[in-house]
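J.: Fold the following, please.
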Amino acid sequence: MKRIWVDRDKCLGCKTCELQCAVERNSVAKTLVGAVRENPKPVARVEVSGPTGASFPLQCRHCQDAACLKACPSGAMRRSDEWQTVYVDQSQCRGCWMCVMVCPFGAVTPLPAYKVAHKCDACVDMEEPACVASCPTGALYYGDEAAYEKALAARRGRIAVFVKQAPGVGRTNVVSLDFVREDE
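T.: This next block holds a predicted model:
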């Protein structure tokens, strides 16, 4: 199953992902200028939290044991059999906000203008999620867990910092390498 992964070290807190998400997923006009003129204003399904340098784009994690699914009395919260993502069937939502209260990540939010719950559905109808496609720093990645782990391992290999024993001296030095060779 493909997911949206976050490299928090790359996030600048620019909120480009929020803007693109709101325009692409919740706007009638599908353009930034048109979205600004809409009433009610489009709302993003992702939220960038934290100060610059420590920011983090937060969207639904599509939990395996999703509390929002269990808490929804109307059955509006559903899991897609095909993509395994959790989504809101807004035609069934009563606006009780039980899902909002139980989400441990704060990823489900009320959409008061329409009296329904609102959350990321990972843009399952698109080739790549809007937030991922718009991220200027590459902080957001869309793929399966194995591909993400491989990308992380490559990144760790480029910035490896480790302690080595200095030959003949008996003290340690910190060595930073651009890559880690297998023979070391």
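
J.: Can you pull out the low-pLDDT segments for this protein?
T.: 156-184 (pLDDT under 70).

J.: The most centrally placed residue in it and Gly75: what is the separation?
T.: What sits nearest the mean C-alpha location of the chain, by C-alpha atoms, centre = their mean, is Gln59, with 4.4 Å. Counting by C-beta to C-beta, to the nearest Å, the gap from Gln59 to Gly75 is 23 Å. Placement of C-beta: from N, CA and C, glycine included.

J.: so where do the helices sit in this protein?
T.: Remark: helices assigned in the chain by DSSP state H are 16-26, 32-37, 67-71, 98-102, 130-134, 145-158.

J.: Return the list of helices and strands in contact with the first one.
T.: It stands for helix 16-26. helix 32-37, strand 47-49, helix 130-134 (3 or more C-beta pairs under 8 Å, 6 or more residues apart in numbering; DSSP states H and E).

J.: repeat for the fourth one
T.: With contacts defined as 3+ C-beta pairs under 8 Å, 6+ apart, the packing partners of helix 98-102 are helix 67-71.

J.: Output the helix it packs on in CSV, but only the C-alpha positions, please.
T.: Output in CSV follows, covering the C-alpha atoms of helix 67-71 (Å, rounded to 0.1, in the frame of the first residue of the first chain):
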residue,chain,number,x,y,z
ALA,A,67,-10.2,5.0,16.0
CYS,A,68,-12.2,7.2,13.7
LEU,A,69,-13.7,4.2,12.0
LYS,A,70,-14.8,2.7,15.4
ALA,A,71,-16.2,6.0,16.7
